[in-house]
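A.B. asks: Quick one, fold the following:
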Amino acid sequence: MNVRLQYDIEFLAGIYYEDQLQLNSYSVSVSLLTQCTDSASSNIALERLKCFVYHDLADTVFFGPSDHDKAEMFQVLGANVTTLPDAPVDQIVGMMLYCKLNAIMEDRMIITSLDISSVLGDSVWYSHDNEDNLGPFAHWPVAEEAWWCHPTVKHHILETELVSDNVVKVTPSVWHEYGLMWPEDRVEPTGNTVIYSNFRKHEAK
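C.D. replies: From the prediction side, this is the model:
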């Protein structure tokens, strides 16, 4: 039986818009529908959603395509950066979340609708559901750059790793690192014990 859920999200982020960096507080409400009878998979899907927002997207700075060079500069300075295919207004951020959160839940659970509001947006609510046009998220010229369609935690199109010639970087599945693999994909540990973090909400201030 499909179960309908609602989950509310609050997070802080920056936006780089019209040559200015501003801080913003977002409120998001998502309506969810389970797609499997396995409760473990449904729980993992929801934990992936929370992990992406509260851990990987936490305190990010949103950039539109016209500010790609500024996004690279911020990343070099150590900022958490998110690149979007259009200006980082509330509607675009909401469409990104709709696409990306559905992608990382991989059909174990789906978002049927998403509402978003922010302080800088004058607390106006924008809604998106599966009948709406995906706009700039629908057709992107380079598939690898459409990170919002991929079930990973990637959220920008910038170069991310600067590794020394003498270092070999091994990058396993990030969901494995977080302990959020699907039940059928889990591999039993053979030696070392790994303790995964509990992802908590970032309180809006």
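
A.B. asks: what's the residue most central in space within the chain sitting at in phi/psi?
C.D. replies: Centroid-nearest residue in the chain, with Cα atoms, centre = their mean: Phe52, separated by 4.8 Å. For Phe52, the backbone dihedrals (degrees, to the nearest 10) come out as phi -60, psi -50.

A.B. asks: So it versus Leu120, what's the distance?
C.D. replies: 22 Å (Cβ to Cβ, to the nearest Å). Every C-beta, even on glycine, is put in place using the N, C-alpha and C of the backbone.

A.B. asks: and the residue nearest to the centre of the chain, what is it in contact with?
C.D. replies: Lys100, Leu101, Ile104, Val153 (Cβ atoms under 8 Å, 6 or more residues apart in numbering).

A.B. asks: give me that answer again for 10 Å
C.D. replies: Contact analysis of Phe52 by Cβ atoms under 10 Å, 6 or more residues apart in numbering lists 58, 97, 100-101, 103-105, 152-153, 155, 174, 178, 180, 199.

A.B. asks: Leu97 now?
C.D. replies: So Leu97 contacts 9, 11, 26, 28, 30, 49, 52-53, 57, 111, 114, 116, 128, 148 (Cβ under 10 Å, 6+ apart).

A.B. asks: where does it fall, phi/psi-wise?
C.D. replies: phi -60, psi -40.

A.B. asks: My guess is Thr82 contacts Val153. True?
C.D. replies: No: contact between Thr82 and Val153 fails when scored by Cβ atoms under 10 Å: they sit 11.1 Å apart.

A.B. asks: Neighbour count for the two, which is higher?
C.D. replies: Counted by other Cβ atoms under 10 Å, Thr82 and Val153 do not tie: Thr82 has more neighbours, with 25 against 18.

A.B. asks: May I have the phi/psi pair for the more buried one?
C.D. replies: Per-residue torsions, Thr82: phi -130, psi 120 (degrees, to the nearest 10).

A.B. asks: Name all residues that make contact with it.
C.D. replies: Thr82 neighbours (Cβ under 10 Å, 6+ apart): 13-15, 56-57, 60-63, 71, 88, 93, 96, 100, 147-148, 154-158.

A.B. asks: try Asn80
C.D. replies: By Cβ under 10 Å, 6+ apart, the neighbours of Asn80 are Ala13, Gly14, Asp56, Leu57, Ala58, Asp59, Thr60, Val61, Phe74, His155, His156.

A.B. asks: how close does it get to Thr152?
C.D. replies: For Asn80, the distance to Thr152 - Cβ to Cβ - is 15 Å.

A.B. asks: Same check on Met95?
C.D. replies: For Met95, the distance to Thr152 - Cβ to Cβ - is 18 Å.

A.B. asks: quick one, which of those two is more surrounded?
C.D. replies: Taking other Cβ under 10 Å, Met95 and Thr152 do not tie; Met95 has more neighbours (25 against 14).

A.B. asks: now the helices for this protein?
C.D. replies: Using DSSP state H, the helices found in the chain span residues 39-51, 68-76, 90-105, 174-177.

A.B. asks: What segments of this protein are strands?
C.D. replies: Taking DSSP state E to define them, one finds strands in the chain at 4-17, 20-34, 61-63, 81-83, 109-118, 126-129.
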